[in-house]
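Chemist: Model the structure of this input:
(chains A and B, ligands or ions: 2)
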Amino acid sequence: MNIKTSHIVKTYNQKKVLHLDGQYGELFFESGQIHGIIGPNGSGKTTLMKIIAGLIAPSSGTIRYNDHPLCQDIFSQMTYSTHTPTLFSRSVYENIAYPLKIRNYEKDRLNQTVSQLLEEFDISEIKNQNARRLSGGESQKTALARALSFSPQVLFLDEPTANIDPKSIQLIETALKKRNQDQGLTIIIITHNLSQAFRICTHLTFLDQGSCLFSDTPEKIMTSTHPTIDEFISFNRF
Amino acid sequence: MDYILNGFVEAFRLIFSFDPEIIQIVLLSLFVSFSSTLYGTLIGVPLGVILGINNFRGKKVVSRLLYTFMSFPPVIIGLFTALFLARSGPFGQFQLMYTPTAMIIAQTILVTPVIMGIVFNHASTSGYEVVQTGKTLGAQGLNILILLVLELKGVIMIALVTGFGRAISEVGAVMIVGGNIRDFTRVMTTFIAMNNNMGQYSVSIAMGLILMTISFITNSVLYHFIMGDQNEYQD
Ligand SMILES: Nc1ncnc2c1ncn2[C@@H]1O[C@H](COP(=O)(O)OP(=O)(O)OP(=O)(O)O)[C@@H](O)[C@H]1O
Ligand SMILES: [Mg+2]
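Modeler: Ligands and ions are numbered 1, 2, ... in the order given. As a prediction, the model looks like this:
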């Protein structure tokens, strides 16, 4: 799904936390790509993501999905997951099965889909555990498996690998890249891990103090001469 | 001081004599309060959930009204119900005054705001996250409501027991609309009040003990349900 935003502004208590104008007043999230959103704390990344995902309304500006405004049909093809997910108070298995149950999947197909995801995310062992009592990393993997279960077209991820061990990070990145390549899943991901952004993203958007300073391919950001971006990148180099 | 000790001795004798009158009073109390809690739940849980998760103008007023009604004195609610049910009142033709039905109606009015208020409060806070998450996974309408009720299960249980506790222990409302008629509308609390007035402390103490035991049992059952839920999920 192609997503295009145009002159989005978000104001909280008269304070503009997001105002996209000028050169990057219009942002284009092309279908089938992995888009990274990066930038310092409080720059408006989460706010922008929630607006695009249709979870909060912008104060002004428009968003078009395949050239249509948001409707229930489009909304139900997108999903959203964060590093502090809200899991339901039921087993890990039931959490992952939830989107399939409400879509009336037949039993065999449901079991098969859930089992594959449990396997893929290495959480088979905890499938009967109540999801409210998982470790941080286990919660994140469960939430991601749940988000992917119904094969959405667009996946929004807010720092999905924060506080996750290196092996699990690799597992998650592999899962994301696989779905992007095999099913053309469009992914929009916020990350503070710049090397991760370079590993998986095909497009990067840089936010700072509610403004967009860059939106292009990862190669181009390395040659950016903008002092804020330059500083941000040099801090991440180690 | 002797009369207190004697009261307790007499109380145990009464309890274990299984007096049919006492048994009938206990059963009526349970029936009336369970019924009103049930109706209060059927009204209060869905309304509390729906009002809680939606943002609308006047939500603050609604919550203030709810909290006020939660602590309304039972006598006032009894009086209010009586005005409507009395022979000359708007529902006088149904002749409900001084019947168990009138008591159930009054107690339903009493417990509905309690149940609704507790559910409303939690639905407004933790319910919001659940609704957002449900929506991002494709849930709509009835599915969202079911999800929310399941997620708020523990809170709903607490609301239920709080409502039941308020119903079974109040005396003002059932006294006014029930009238404490022997073998018909006499319940534990009106029985205690009456015997106390007549100076029969031991009988009052006996019934008081029974009332406390029942409260203890309901609370233990609740504790079991909620704490059982905290244990690891078992298939
Ligand atoms: N509901 C809200 N009410 C008021 N202010 C808000 C609200 N949500 C976000 N903000 C403010 O908007 C700004 C941008 O927040 P946002 O969460 O989008 O930042 P972020 O780029 O995701 O930061 P981080 O990297 O720390 O997650 C912050 O200054 C924040 O305080
Ligand atoms: Mg954020």
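Chemist: got the phi/psi numbers for the nearest residue to residue A:192 once chain neighbours are set aside?
Modeler: Of all residues not flanking residue A:192 in the chain, residue A:159 sits nearest, at 6.5 Å (CB to CB, 6 or more residues apart in numbering or on different chains). Any C-beta I mention is one placed from the backbone N, CA and C, and that applies to glycine too. Here the main-chain torsion angles of residue A:159 (degrees, to the nearest 10) amount to phi 50, psi 60.
Chemist: Next, count neighbours for residue A:159.
Modeler: A count of nearby residues for residue A:159, using other CB atoms under 10 Å in any protein chain shown, gives 19.
Chemist: In this structure it contacts residue A:172, no?
Modeler: No. Using CB atoms under 8 Å, residue A:159 is not in contact with residue A:172, being 11.6 Å away.
Chemist: buried stuff in the helix or strand bottoming out on mean pLDDT in chain A?
Modeler: The helix or strand of chain A with the poorest confidence is helix A:227-236; it has a mean of 86 (mean pLDDT, DSSP states H and E). For helix A:227-236, the neighbour count (16 or more other CB atoms under 10 Å in any protein chain shown) marks A:228, A:229, A:232, A:233 as buried.
Chemist: what's the answer for stretch B:129-141, then?
Modeler: Applying 16+ other CB under 10 Å to stretch B:129-141 flags B:130, B:131, B:132, B:133, B:134, B:135, B:136, B:137, B:138, B:139 as buried.
Chemist: Show me where chain B dips below the pLDDT cut-off.
Modeler: B:226-235 (pLDDT under 70).
Chemist: That one: helices as residue ranges?
Modeler: B:2-16, B:20-53, B:59-70, B:74-85, B:100-136, B:141-151, B:153-169, B:172-178, B:188-197, B:201-230 (DSSP state H).
Chemist: Which one, of these, ends up nearest to ligand 1?
Modeler: Of all these, helix B:100-136 sits nearest to ligand 1, with 12.0 Å by CB to the nearest ligand atom.
Chemist: quick one: that closest one near chain A?
Modeler: Yes. Judged by CB under 8 Å from any CB of the partner chain, helix B:100-136 comes into contact with chain A through B:129, B:130, B:132, B:133, B:135, B:136.
Chemist: Now for the closest residue to residue B:207 other than its chain neighbours, how many residues are close by?
Modeler: Once flanking residues are discounted, residue B:207 sits nearest to residue B:192: 5.0 Å by CB to CB, 6+ apart. For residue B:192, the count of nearby residues is 21 (other CB under 10 Å).
Chemist: try residue B:60
Modeler: Quick note: residue B:60 (other CB under 10 Å) scores 8 neighbours.
Chemist: Contact partners for it?
Modeler: If a contact means CB atoms under 8 Å, 6 or more residues apart in numbering or on different chains, then residue B:60 has no contacts.
Chemist: what's the single longest helix in chain A?
Modeler: Per DSSP H, chain A has its longest helix at helix A:166-183.
Chemist: which residue ranges form the strands in chain A?
Modeler: A:3-12, A:15-19, A:26-29, A:34-38, A:60-65, A:78-82, A:154-158, A:186-190, A:203-208, A:211-216 (DSSP state E).
Chemist: which one of those is the most hemmed in?
Modeler: Highest mean neighbour count of these: strand A:34-38, a mean of 26 (counted as mean count of other CB atoms under 10 Å in any protein chain shown).
Chemist: quick one: that strand to chain centroid distance?
Modeler: 8 Å (CA atoms, centre = their mean, to the nearest Å).
Chemist: Same check on stretch B:47-57?
Modeler: 22 Å.
Chemist: what's stretch A:20-35 in contact with?
Modeler: By CB under 8 Å, 6+ apart, stretch A:20-35 touches A:1-9, A:48, A:52, A:61, A:66, A:176-177, A:180, A:184-189, A:200-205, A:211-215.
Chemist: Could you give the separation between the terminal residues of it?
Modeler: 17 Å (CA to CA, to the nearest Å).
Chemist: Can you confirm whether it lies near ligand 1?
Modeler: No. Using CB under 6 Å from any ligand atom, stretch A:20-35 stays clear of ligand 1, coming no nearer than 12.6 Å.
Chemist: what's the answer for stretch A:82-93, then?
Modeler: No. Judged by CB under 6 Å from any ligand atom, stretch A:82-93 stays clear of ligand 1, getting no closer than 9.4 Å.
Chemist: Once you drop chain neighbours, what's closest to residue 131?
Modeler: Defaulting to chain A. Nearest non-adjacent residue to residue A:131 (CB to CB, 6+ apart): residue A:87, at 3.8 Å.
Chemist: hmm, I had chain B in mind actually
Modeler: Here the residue nearest residue B:131, using CB to CB, 6+ apart, is residue B:53, at 5.1 Å.
Chemist: contacting residues for residue A:208?
Modeler: A:39, A:40, A:43, A:228.
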